[in-house]
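*Asks:* below are the sequence and a predicted model; questions follow.
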Amino acid sequence: MAVTQFDREALAPERTVRRVGSRSVTWGSTTERFATWRREHRRDLLALTAVLIIVGGVHAWGMYNAPARFDDEGTYVSQAWATNNGELAHYTYWYDHPPAGWIQLGAVAAITNTFDAAPNAVGTGRFVMLLVKLITAALLFVLARRLSLSRPLAAAAVVLFGVSPLALGFSRMVFLDSIALAWLMAACVLAVSPRRSIWTAAGSGACFAMCVLSKETFLLSGIGWAWLLLRESSHHNRRFCAAVGLGSAVIGIAAYPLFALLRGEMFPGDGHVSLWDAVMYQLSGREGSGFILDPHSGAYGLLKLWLNMDPVLPVVGLIAAFVVMWKLPRWRPVMVVLLVPALAMFRGGYLPYPSMIQMMPFLALACVGLVSIVVGQRPHRADALLAMSLASLLIASALWTPTLAGLVSDNQDRAMSGAQAWLKANATPADTLVVDDALWLDFVNAGWSTENVVWFYKIDLDSGVQLPDGGRGVDYLAFPPLPADVALPKLREILDRSTVVATFGDGANAVTVYDASPDNPIPASPAAASPAAASNDDVANSRDDEPEDPTR
C-alpha cells in the first residue's frame with residue numbers, strides 16, 4: 001500500500017515550532033535540532049573557533065617555562081594527586097580552601113593522563129589550566145553575545161582576555177581562582193539565557209555554588225551574580241526563578257560546612273582541625289597587606305607587579321566599567337561582578353597574590369562595552385566598529401609586547417629545574433629531602449616515599465610531620481628565599497648546620513640547595529646557611545595560602 005504524505009507526517013518524529021529571531025523554525029529529532037542550531041550560529045562558531053585558536057596558541061606557547069613554578073602551584077597539584085589516591089590533601093587537610101577546586105583538577109588530569117605526559121608535576125596542572133582558559137574564553141564570547149554585543153566586539157573581548165600579559169601569566173599558573181572563574185562565567189551565561197526558564201536559573205545557581213566551592217573568595221561576586229539573575233528573569237516567573245537560582249546556590253555552598261560538621265571538624269577541639277579556625281584565620285588571622293595606595297605596603301607592591309605586567313587592561317577596564325554602568329543599564333549587574341572585588345582591594349586587609357584573576361574577563365568585557373557605546377552597533381557602522389576594535393588591540397599589543405615576549409620565549413623555570421636536576425643526580429630515594437612544594441610531587445613520582453620528601457613549611461606548621469632523628473636525619477634542602485617575616489624555627493635550626501652546595505638563578509627567584517647530612521664536616525656560616533630573605537614588598541614570592549598547624 002502506498003504511503004501518503006499524510007502518513008509520512010504522522011509517522012515522523014514529533015516536531016515543535018520555535019521562534020528564532022524573526023523566523024519560525026520547526027525542530028524535530030535531536031540531530032535536526034543540532035543542525036538547525038548550527039546553521040543559525042555558524043558565523044558565531046567560526047568567529048569563536050578563530051579566537052580560541054589564537055588564545056589557546058598564545059597560552060600554550062611556553063606555558064611550562066613561564067612563569068617560574070612556585071609552591072602554591074605545587075600544593076594544588078599535590079592535593080589533586082592526593083584526591084586521586086583517596087585523600088583530601090597530601091598533608092593534613094585544614095580547611096584552608098574548599099577541596100572542590102583540586103578535586104576537579106585531579107579528575108581532569110586523570111582523564112587527560114597529564115600526570116604522565118607533562119614535563120613535571122606542576123606542568124600537569126598547567127595543562128589543565130589551558131583547558132580551563134579555553135572554556136572561560138568561550139563562555140566570555142557567549143556572555144558578550146547574549147549582552148547584545150556584535151560579533152567583532154565579542155571576539156575582541158576574548159582576544160583582550162586571552163593575550164593580556166597579566167591574564168596570560170596568572171591563568172597559566174595553577175590557581176584555584178581560574179577554576180572558580182570558569183564556573184562564575186558559566187553562572188553568568190546561564191543567568192542571561194534567552195530561555196529564562198526555571199532550569200537555567202537552577203543551573204546558574206549550581207554553577208555559582210561550584211564557583212564558591214572552588215575558591216571561597218568568589219563570594220564577593222555573588223552580589224552582581226544575584227542581581228543579574230533577578231534582572232534577566234522573566235517578569236512572569238521572576239520570583240520563582242530567583243528562589244530556585246539562589247536556593248540552589250545556597251544549598252550547594254552549604255555542602256561545605258555540612259561536610260565539616262559530619263567529619264566532626266566544624267568547631268575547634270583537641271587533636272583535630274576545624275572549619276571555624278580556618279575561617280577565622282582567613283578573615284582576621286592573616287597579616288594585612290596594607291592600603292593598596294600606600295607606597296610602603298605589600299598591597300602596593302602587588303599592584304605595581306600587576307601594572308608592570310599590563311598597564312592597559314586594568315586601568316582602562318575599570319574606567320570603562322563606570323561608563324558602561326551609566327550608559328548600559330542591562331550591563332550593570334555584570335559590572336558589579338567586576339567592581340565589588342575591585343573595591344574590596346581598598347579595604348586594607350590581606351590581598352591574595354592572584355586576586356586579579358576573577359576580574360580579567362570582566363575588564364575585557366567593560367573595554368569592548370565602552371567601544372560599543374562610542375561607536376554604536378548599527379549595521380552601517382560595522383566597518384568603523386571593526387576598525388576601532390583592531391586599532392585598540394594594536395595599541396594594547398604595542399604596550400604588551402615586552403612582557404608577552406618574555407612569557408612566550410623565556411625559560412623562567414631554569415632555577416627550579418636546575419635544583420630538581422641536581423637533587424636527582426646527587427641524592428637517592430633513601431635520602432630525606434626538604435623541598436619547596438613545587439618539587440614535592442616530582443620526587444614522589446621519582447621514587448621517594450612521602451616520608452622521605454617533606455614540604456619545608458610543614459616542618460614547623462604541621463605537627464603530624466615527624467623528621468628522622470628530630471631533624472638531624474635530613475640530607476638535603478632546596479627552596480627559594482624565605483620571606484623575612486616568616487618564623488620557622490625548626491627549619492632555621494636545620495639550616496644553621498647546613499652548607500650551601502648549589503645555587504640556581506638569582507634574586508627572589510633563586511633556588512638554593514643545602515647539604516644537611518649528619519656527616520657534613522663543613523660548618524656553615526649564618527650568612528651562607530640562611531637563604532636570602534625576601535622583603536615584604538617582594539610580592540613575586542607572596543603566598544596565596546599560608547599554612548597553619550592543623551592541630552594547634
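*Replies:* Sure, I can see it. Residues are numbered from 1 along each chain as shown.

*Asks:* domain assignment for this protein?
*Replies:* Structural domains assigned to the chain are 5-37, 414-541, following automatic domain parsing.

*Asks:* worst mean pLDDT among these?
*Replies:* If the domains of the chain are sorted by mean pLDDT, domain 5-37 sits at the bottom with a mean of 53.

*Asks:* what's the first helix or strand after the strand or helix carrying residue 132?
*Replies:* With elements delineated by DSSP states H and E, residue 132 resides in helix 121-146, which encompasses its position. Beyond helix 121-146 in the direction of the C-terminus, DSSP H and E gives the next helix or strand as helix 151-163.

*Asks:* using PDB, list the CA coordinates for that next one.
*Replies:* These are the backbone C-alpha positions of helix 151-163, laid out as PDB (Å, rounded to 0.1, in the frame of the first residue of the first chain):
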ATOM      1  CA  ARG A 151      30.400  39.500  16.800                       C
ATOM      2  CA  PRO A 152      33.600  41.600  16.200                       C
ATOM      3  CA  LEU A 153      33.400  43.100  19.700                       C
ATOM      4  CA  ALA A 154      32.700  39.700  21.400                       C
ATOM      5  CA  ALA A 155      35.700  38.300  19.600                       C
ATOM      6  CA  ALA A 156      37.800  41.400  20.600                       C
ATOM      7  CA  ALA A 157      36.800  40.800  24.300                       C
ATOM      8  CA  VAL A 158      38.100  37.200  24.100                       C
ATOM      9  CA  VAL A 159      41.300  38.300  22.500                       C
ATOM     10  CA  LEU A 160      41.900  41.000  25.100                       C
ATOM     11  CA  PHE A 161      41.300  38.500  27.900                       C
ATOM     12  CA  GLY A 162      43.400  35.800  26.100                       C
ATOM     13  CA  VAL A 163      46.500  37.700  25.300                       C
END
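
*Asks:* now for that helix, which elements pack on it?
*Replies:* Helix 151-163 sits against helix 42-60, helix 121-146, helix 360-375, helix 382-409, with contacts defined as 3 or more CB pairs under 8 Å, 6 or more residues apart in numbering; DSSP states H and E. The C-beta positions use only the backbone N, C-alpha and C, and glycine is treated the same way.

*Asks:* give the buried residues for the second one.
*Replies:* In terms of neighbour count (16 or more other CB atoms under 10 Å), helix 121-146 has its buried residues at 121-130, 132-146.

*Asks:* the first one too?
*Replies:* Of the residues in helix 42-60, those scored as buried under the neighbour-count criterion (16+ other CB under 10 Å) are 47, 48, 51, 52, 55, 56, 58, 59, 60.

*Asks:* so the next helix or strand after it versus helix 121-146, what angle?
*Replies:* Scanning forward in sequence from helix 42-60, with DSSP H and E defining helices and strands, the next element found is helix 71-84. For helix 71-84 against helix 121-146, the angle between stretch directions is 90 degrees (axes from the mean of the first three to the mean of the last three CA atoms, to 10 degrees).

*Asks:* need the next SSE after helix 71-84, C-terminal direction.
*Replies:* Using DSSP H and E, the helix or strand that follows helix 71-84 towards the C-terminus is helix 100-112.

*Asks:* could I get the helix or strand just after that next one in CSV with only the CA atoms?
*Replies:* Once the chain leaves helix 100-112, the next helix or strand it forms, by DSSP H and E, is helix 114-117. Extracted in CSV, the C-alpha atoms of helix 114-117 (Å, rounded to 0.1, in the frame of the first residue of the first chain):
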residue,chain,number,x,y,z
THR,A,114,48.7,14.5,32.1
PHE,A,115,50.2,13.2,35.3
ASP,A,116,52.4,11.1,33.0
ALA,A,117,52.6,13.4,29.9
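
*Asks:* which elements pack onto helix 114-117?
*Replies:* Checked by 3+ CB pairs under 8 Å, 6+ apart, helix 114-117 has helix 121-146 packed alongside it.

*Asks:* phi, psi of the closest residue in space to residue 309 that isn't next to it in sequence?
*Replies:* Nearest residue to residue 309 in three dimensions, chain neighbours excluded: residue 166, at 4.4 Å (CB to CB, 6 or more residues apart in numbering). When read as degrees, to the nearest 10, the backbone of residue 166 gives phi -70, psi -50.

*Asks:* check residue 483 too.
*Replies:* Backbone dihedrals for residue 483, given as degrees, to the nearest 10, come out at phi -60, psi 140.

*Asks:* how near is it to residue 330?
*Replies:* According to CB to CB, to the nearest Å, residue 483 and residue 330 sit 45 Å apart.

*Asks:* among the two, which residue is more densely surrounded?
*Replies:* When residue 483 and residue 330 are compared on other CB atoms under 10 Å, the one with more neighbours turns out to be residue 483, at 17 against 13.

*Asks:* follow-up on the earlier one: Serialize the buried residues of helix 42-60 to JSON lines and add fields for pLDDT and distance to residue 221.
*Replies:* Conversion of the buried residues of helix 42-60 to JSON lines gives the following (pLDDT from 0 to 100; distance: CB to CB, whole Å):
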{"residue": "47", "pLDDT": "94", "distance to residue 221": "27"}
{"residue": "48", "pLDDT": "96", "distance to residue 221": "24"}
{"residue": "51", "pLDDT": "96", "distance to residue 221": "24"}
{"residue": "52", "pLDDT": "97", "distance to residue 221": "24"}
{"residue": "55", "pLDDT": "96", "distance to residue 221": "22"}
{"residue": "56", "pLDDT": "97", "distance to residue 221": "25"}
{"residue": "58", "pLDDT": "95", "distance to residue 221": "26"}
{"residue": "59", "pLDDT": "97", "distance to residue 221": "23"}
{"residue": "60", "pLDDT": "96", "distance to residue 221": "28"}
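
*Asks:* just give me the closest of those residues to residue 351.
*Replies:* Distance to residue 351 across the buried residues of helix 42-60 (CB to CB) is lowest for residue 59, with 25.4 Å.

*Asks:* if we can go back for a sec, so the helix holding residue 132 versus helix 42-60, what angle?
*Replies:* Orientation of helix 121-146 against helix 42-60 (the same axes, to 10 degrees) gives an angle of 150 degrees.

*Asks:* and the angle for helix 121-146 with helix 100-112?
*Replies:* Following the same axes, to 10 degrees, one obtains 100 degrees for the angle between helix 121-146 and helix 100-112.

*Asks:* next one: helix 121-146 to chain centre, how far?
*Replies:* 10 Å (CA atoms, centre = their mean, to the nearest Å).

*Asks:* likewise for stretch 270-284?
*Replies:* Using CA atoms, centre = their mean, the distance between the centre of stretch 270-284 and that of its chain works out at 23 Å.
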